[in-house]
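[1] okay, predicted coordinates and the sequence, questions at the end:
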Amino acid sequence: MDNIHSKVLQMENQRLFSNLSSLVQLKKKGRKVGRLRFKGKNWFKTFTYNQSGFKLTHLKAKKGILYLSKIGDIPIKLHRQVEGTIKNITIKKSLGKWYASIITDAVIKRTCGTGEIGIDVGIENYIYDSNGNAYENPKHFDKYHQELKTAQQSLSKKIIGSNSRKKARLKAAKIHEKIGNARKDFIHKLSTKLIKENKFIAIEKLNIKNLIGISYTAKNIADASWRKLACYLHYKAENAGCAVIDVDPAYTTRNCSFCEHRNNKLELSQRKFVCKKCNTELPRDYNSALNILVSGKELATMEKAIPAEQSIQQIVSMKSEAPSIRVG
């Protein structure tokens, strides 16, 4: 243990005891849980330096030197300048590469725009907003499908436990990582753009699990990661002072955004919405986005009104239940 920094050991002990505490709480709630499983050295992919035992020195451009106690100086590439005081550093190994995740006390404030939009998600267009803007679906999995297929076929032919199988597994894993990184990069850039341009965003909340179970386009639905887009929008909006509302998508495709007449159910192949009452013709996703914006505003108004009504009721009940005070 002399060659491991004390803070690293403390963090591992804290992680172990927090896991044990979580199991105890689950048992108290009646959940069936098993024992903690022993994990060998190959299971551990991360370790953390908390409070001390590290030092980061900036060099030129995006290069730097990271000093870790008991390890030494490590040349690193900085994706961006580190702001604030470093509180802890987590070292992670992934597919043969090492990464340092740095947490500081800096508060980086985002800014939002002035627009208001509703967002309809889809497969043909990744999103279609209520301003009439369509964003093409990049379909990251399809781009690397053939490359991944070849790598997985090669992996299946290797003998279990052999070095060639380890190499083939690593090659397939790197392609999966490449797909995941491309997907995250696209969603990060799109969500940041939407937050910078708008102060109010309404987005449909789909039951992804059910859709994957019943749809013949399950692969494309999983690849789209619509829920990840919503999660990114929510946490970025909270920092920027922007509002993001999740809207139930029921009937948003069938209702006319102009006269509110409800049409018969549309097949997925029907990409144009035609109102049977007012004869309005719109792209299917555009009409849905307009309805989502209206529903989102109604939900936002209700959320503001409910706390106010509750506070009034609380004041009335407090007055009626106020105890009498005896003087003298």
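    Sure, I can see it.
[2] for Ile292, which non-adjacent residue is spatially closest?
    Spatial nearest neighbour of Ile292, excluding adjacent residues (CB to CB, 6 or more residues apart in numbering): Gly118 at 3.6 Å. All C-beta atoms are positioned from the backbone trio N, CA, C, and that covers glycine.
[3] ok, now how distant is that neighbour from Glu298?
    In this view, Gly118 and Glu298 are 12 Å apart by CB to CB, to the nearest Å.
[4] correct me, but the residue nearest to Ile292 touches Asn291?
    Yes. Counting by CB atoms under 8 Å, Gly118 touches Asn291, with 7.2 Å between them.
[5] neighbour count for these two, which is higher?
    More neighbours surround Gly118 than the other of Gly118 and Asn291, with 28 against 25 (other CB atoms under 10 Å).
[6] hang on, Tyr286 in a strand?
    No. Remark: Tyr286 does not belong to a strand; assigned using DSSP: H, G, I helix; E, B strand; the rest coil, it is helix.
[7] follow-up on the earlier one: now do the SS call for the residue nearest to Ile292.
    Per three-state DSSP, Gly118 ends up strand.
[8] before we move on, what about Lys171?
    The three-state label given to Lys171 by three-state DSSP is helix.
[9] contact partners for the closest residue to Arg165 other than its chain neighbours?
    Computed as CB to CB, 6+ apart, the closest residue to Arg165 that is not its neighbour in sequence is Lys158, at 3.6 Å. The contact partners of Lys158, by CB atoms under 8 Å, 6 or more residues apart in numbering, come to Ser164, Arg165, Ala168.
[10] show me those residues that map onto helices.
    Ser164, Arg165, Ala168 (DSSP state H).
[11] out of those residues, who's nearest Val244?
    Ala168 (42.4 Å; CB to CB).
[12] list the contacts of that closest one.
    If a contact means CB under 8 Å, 6+ apart, then Ala168 has Ala151, Ser154, Leu155, Lys158 as its contacts.
[13] what's the spacing between it and Gln152?
    According to CB to CB, Ala168 stands 9 Å off from Gln152.
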